[in-house]
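**Student:** Need the 3D shape of this:
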Amino acid sequence: MKVSKSAETTAWTGLITIVCALCLVFSIKFKADRAEGVLQQSGDVLDGPAVLQINVAQPGPRVSPMLYGLMTEEINYSYDGGLYGELIRNRIFKDDANVPVHWSVVQDGGGSGSIALDTGEPTGAELTTSLKLTVTSAAGHERVGASNEGFWGIPVQPNTHYRASFYAKAGAGFAGPLILTIESADGAAVYARAQVSKISRDWKQYTVTLKTGNVSPSKNNRFVLAASQPGTIWLNLVSLFPPTYRNRPNGNRIDLMQKLADLKPAFLRLPGGNYLEGDTIATRFDWKKTIGLLTRRPGHQGPWGYRSSDGLGLLEFLEWCEDLKMEPVLAVYAGYSLKGEHVAPGTALQPYVQDALDEIEYVSGDKNTQWGGERARDGHPAPFPLTYVEVGNEDGFDRSGSYDERFAQFYDAIKARYPKLQVIATTPVKRRTPDVLDEHFYRTAQAMERDAHHYDNYSRSGPKIFVGEWASQDIDRPWEQPDKKGPTPTLNSALGDAAWMTGMERNSDIVVLESYAPLLVNINPGARQWAVNLIGYDALSSYGSPSYYAQAMFAANHGDTILRSTLKGGATLYESVTRDSGTGIIYLKMVNTSGTAQPVHVDLIGATTLAPTGTAIVLSGTSPRDTNSITDPTRVVPVTREANGLGNHFTYTFAPYSITILKLQTDRAP
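**Tutor:** Numbering: from 1, shown residues only. Down below sits the predicted model:
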């Protein structure tokens with residue numbers, strides 16, 4: 001059939017329009033994926049299976065026994081409002097100098113009164129501000145009190161005991177009682193109730209237990225202390241604790257501690273990065289103000305926009321290590337703070353060097369030493385193990401250029417008293433050779449994947465490496481727009497993380513420590529200062545991200561010896577292989593960042609008998625954008641299944657967008 005010229009032109013114009021539209025659609029998607037660092041490569045086809053050769057006969061170096069660990073700091077309400085079990089917010093009334101923020105007056109049934117800050121009735125040297133509760137009128141069923149909103153709610157669980165304590169002082173004409181309740185935010189439902197019958201005219205601490213019944217879990221609740229007769233009461237250090245991990249009296253939240261325990265961490269870097277330095281020298285983590293009785297802890301302003309109670313102080317950090325059977329990696333303040341203040345090396349720096357030596361002694365000294373004795377008086381006679389001490393945090397940002405000299409001064413003093421300690425530098429230095437260098441990486445998932453071989457050809461003649469902060473991010477500056485992404489990673493980020501981890505594990509003769517950051521995030525609006533974080537929670541619940549499960553898989557499944565491996569083909573595949581010399585199990589980790597299933601032919605060179613059946617642990621999803629959330633916490637979780645058809649030579653197909661660990665059973669190593 002002949003087509004007229006005009007019809008032909010119209011047809012071609014229409015076809016070109018369709019093609020251009022399709023190109024525009026794919027261009028927009030490509031740009032969007034690049035902006036997010038998506039590793040999606042659907043449709044990638046290899047010319048036959050990739051080949052992985054594993055040298056079993058000639059094992060490589062040892063895997064660092066402390067490779068996988070934790071790094072936390074007070075960001076995203078990680079401690080107060082997070083891991084630390086305290087439910088009362090602003091418990092010593094110092095979060096604002098003018099008004100009792102997070103506290104409200106309760107006036108029910110016709111009662112009237114007020115609350116206000118009062119600096120004229122200090123409880124002690126550190127508790128200088130109290131809350132004055134004035135009951136103007138109240139009788140019968142009327143009540144006037146002070147309520148605390150908690151950290152975005154007070155969590156209520158059924159059949160649970162809560163320990164409440166507070167300091168109180170009664171004014172003339174008031175003797176009590178005070179009624180304590182955990183109730184719904186509107187006061188309509190009371191879940192637990194207790195009473196203190198008499199309040200002294202002098203400051204005194206009172207402790208009661210509140211028990212819930214068979215109620216439904218909820219978080220939109222408040223804590224109230226109230227009176228039903230006129231008078232004046234002063235309050236301070238008001239505290240409410242639910243059950244804590246291992247029942248520690250000033251302890252940590254159970255569900256978050258269990259999630260951390262499931263990561264099988266070997267160490268905890270404490271007290272954390274910017275939190276160590278503070279915005280100024282005066283607001284650094286001053287460890288001596290975080291030990292002993294809570295009445296001796298004034299708290300301090302943190303660098304992320306809110307105040308820290310210091311309830312989770314140095315000893316609590318160490319007990320956290322003890323509870324999870326991990327070692328502390330102790331970071332000591334090195335004379336530099338975030339807003340540029342620094343202490344000049346030499347005489348001015350010496351008190352800070354001595355403070356670090358005192359801190360090391362508090363951690364690891366015998367109880368007969370000065371600071372080891374202080375730790376014993378604080379309730380822990382036995383010293384804690386200590387291998388690594390880090391001098392400062394990210395001191396490459398110090399524009400004065402003083403870190404080289406400051407590090408040398410700390411290094412010499414620490415080595416003179418503790419020659420076996422490994423001293424970590426936070427940026428390259430020249431005057432001394434550190435034992436370990438701390439390197440930080442925050443990148444897109446694509447960049448992490450591309451740099452998975454970063455340490456393959458790294459010099460083995462210099463310091464060892466601590467990758468102390470790192471994460472795949474889907475936003476360039478996560479600290480500037482914390483609510484733009486997240487709050488926790490997608491599967492895409494987990495794939496980038498896992499590709500990077502294969503490189504760290506494969507080179508764990510040089511990379512001796514690694515820790516993802518940030519670790520924790522309260523997901524409530526206003527609680528977040530960083531966009532993408534490993535574990536999310538609110539007052540009631542918590543969940544692990546896909547990156548969390550990638551971390552857990554790697555940390556729980558590795559041997560003690562690196563097996564040299566060569567992967568040919570498979571541009572979207574990343575591997576690490578280790579062997580347990582005791583059990584003979586080979587742990588083959590493979591990351592497939594492609595949207596296409598990838599067959600890999602595996603050759604174990606020099607292996608003896610390999611069992612035909614093994615175990616496959618697989619984390620995968622249908623899209624790299626899959627993720628977990630507080631309402632859908634298990635959308636992306638590892639699945640364990642049997643792996644069949646194994647041998648010294650076998651082919652295994654790795655699922656799209658997947659992290660896989662194959663556990664292969666061989667004879668025990670000689």
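**Student:** can you map out the strands along the stretch 51-200 of the chain?
**Tutor:** Secondary structure of the stretch 51-200 of the chain by DSSP state E, counting those that start in this stretch: the strands cover 70-71, 103-108, 112-118, 130-137, 143-148, 161-170, 178-184, 190-196.
**Student:** do the same with the stretch 301-450 of the chain
**Tutor:** 307-308, 327-332, 388-391, 422-425, 436-443.
**Student:** Please name the residues that touch Asn214.
**Tutor:** 158-159 (C-beta atoms under 8 Å, 6 or more residues apart in numbering). (C-beta placed from N, C-alpha, C; glycine too.)
**Student:** got any ranges where the protein has weak pLDDT?
**Tutor:** Within the chain, the ranges that satisfy pLDDT under 70 run 1-47, 668-670.
**Student:** how does it divide up, domain by domain?
**Tutor:** Using automatic domain parsing, the domain ranges for the chain come out as 38-62+559-665, 70-86+246-358+391-413+421-551, 103-243.
**Student:** So what's the gap between the last one and the chain middle?
**Tutor:** Distance of domain 103-243 from the chain centroid (C-alpha atoms, centre = their mean, to the nearest Å) equals 32 Å.
**Student:** Next, format the domains of the chain as a markdown table and append distance to Ala97.
**Tutor:** Output for those, formatted as a markdown table (distance: least, C-beta to C-beta, whole Å):
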| stretch | distance to Ala97 |
| --- | --- |
| domain 38-62+559-665 | 34 |
| domain 70-86+246-358+391-413+421-551 | 11 |
| domain 103-243 | 8 |
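**Student:** Could you identify which of those is most buried?
**Tutor:** Across those, the average number of neighbours (mean count of other C-beta atoms under 10 Å) peaks for domain 70-86+246-358+391-413+421-551, which reaches a mean of 21.
**Student:** who wins for proximity to Val429 among the strands of the stretch 51-200 of the chain?
**Tutor:** Val429 lies closest, by C-beta to C-beta, to one member of the strands of the stretch 51-200 of the chain: strand 70-71, at 21.3 Å.
**Student:** That closest one: partners in the sheet, and parallel or antiparallel?
**Tutor:** strand 267-270 (parallel) (DSSP bridges).
**Student:** Show me what the partner strand is in contact with.
**Tutor:** 66, 69-72, 317, 320-321, 324, 326-331, 388, 390, 468, 513, 515.
**Student:** before we move on, back to that, mind giving me a markdown table with the strands of the stretch 301-450 of the chain and columns for distance to Pro122?
**Tutor:** A markdown table is the format used below for these (distance: least, C-beta to C-beta, whole Å):
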| stretch | distance to Pro122 |
| --- | --- |
| strand 307-308 | 18 |
| strand 327-332 | 32 |
| strand 388-391 | 37 |
| strand 422-425 | 41 |
| strand 436-443 | 41 |
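**Student:** Tyr191 is nearest to which of those?
**Tutor:** Taking C-beta to C-beta, strand 307-308 is the member of the strands of the stretch 301-450 of the chain nearest to Tyr191, at 28.3 Å.
**Student:** Ala556: neighbour count?
**Tutor:** 15 (other C-beta atoms under 10 Å).
**Student:** so it touches Lys264, yeah?
**Tutor:** Yes - counting by C-beta atoms under 8 Å, Ala556 touches Lys264, with 4.9 Å between them.
**Student:** by contact count, what packs against whichever strand or helix holds Ile233?
**Tutor:** Secondary structure from DSSP states H and E places Ile233 in strand 231-241. Judged by 3 or more C-beta pairs under 8 Å, 6 or more residues apart in numbering; DSSP states H and E, the packing partners of strand 231-241 are strand 130-137, strand 143-148, strand 161-170, strand 221-227.
**Student:** Direction included, what does the last one pair up with?
**Tutor:** Sheet neighbours of strand 221-227, with direction, are listed as strand 143-148 (antiparallel), strand 178-184 (antiparallel) (DSSP bridges).
**Student:** quick check: angle from the longest one to strand 161-170?
**Tutor:** So the one you mean is strand 178-184. 140 degrees (axes from the mean of the first three to the mean of the last three C-alpha atoms, to 10 degrees).
**Student:** Please enumerate residues in contact with strand 178-184?
**Tutor:** 143, 145, 154, 156, 162, 164, 168, 189-196, 199, 206, 208, 210, 212, 218, 220-228, 233, 240.
**Student:** That one versus strand 231-241: what angle between them?
**Tutor:** Using the same axes, to 10 degrees: strand 178-184 against strand 231-241 is 50 degrees.
**Student:** thinking again about what came up before, quick one: closest of the helices and strands packed on strand 231-241 to Ser459.
**Tutor:** strand 161-170 (53.9 Å).
**Student:** Next, the angle from the closest one to strand 130-137.
**Tutor:** 80 degrees.
**Student:** And strand 161-170, what does it pack against?
**Tutor:** Checking 3+ C-beta pairs under 8 Å, 6+ apart, strand 161-170 ends up next to strand 178-184, strand 190-196, strand 204-211, strand 231-241.
**Student:** how close does the residue minimising distance to the centre of the chain get to Leu270?
**Tutor:** The centre of the chain sits closest to Leu519, judged by C-alpha atoms, centre = their mean, with a distance of 2.0 Å. Per C-beta to C-beta, to the nearest Å, Leu519 is found 12 Å from Leu270.
**Student:** list residues touching both of those two?
**Tutor:** Common neighbours of Leu519 and Leu270 (C-beta under 8 Å, 6+ apart) are Thr72.
**Student:** Please name the bridge partners of the closest residue in space to Ser114 that isn't next to it in sequence.
**Tutor:** Among residues not flanking Ser114 along the chain, Thr134 sits closest, at 5.1 Å (C-beta to C-beta, 6 or more residues apart in numbering). Beta bridges link Thr134 to Ser114, Thr232 when assigned by DSSP bridges.
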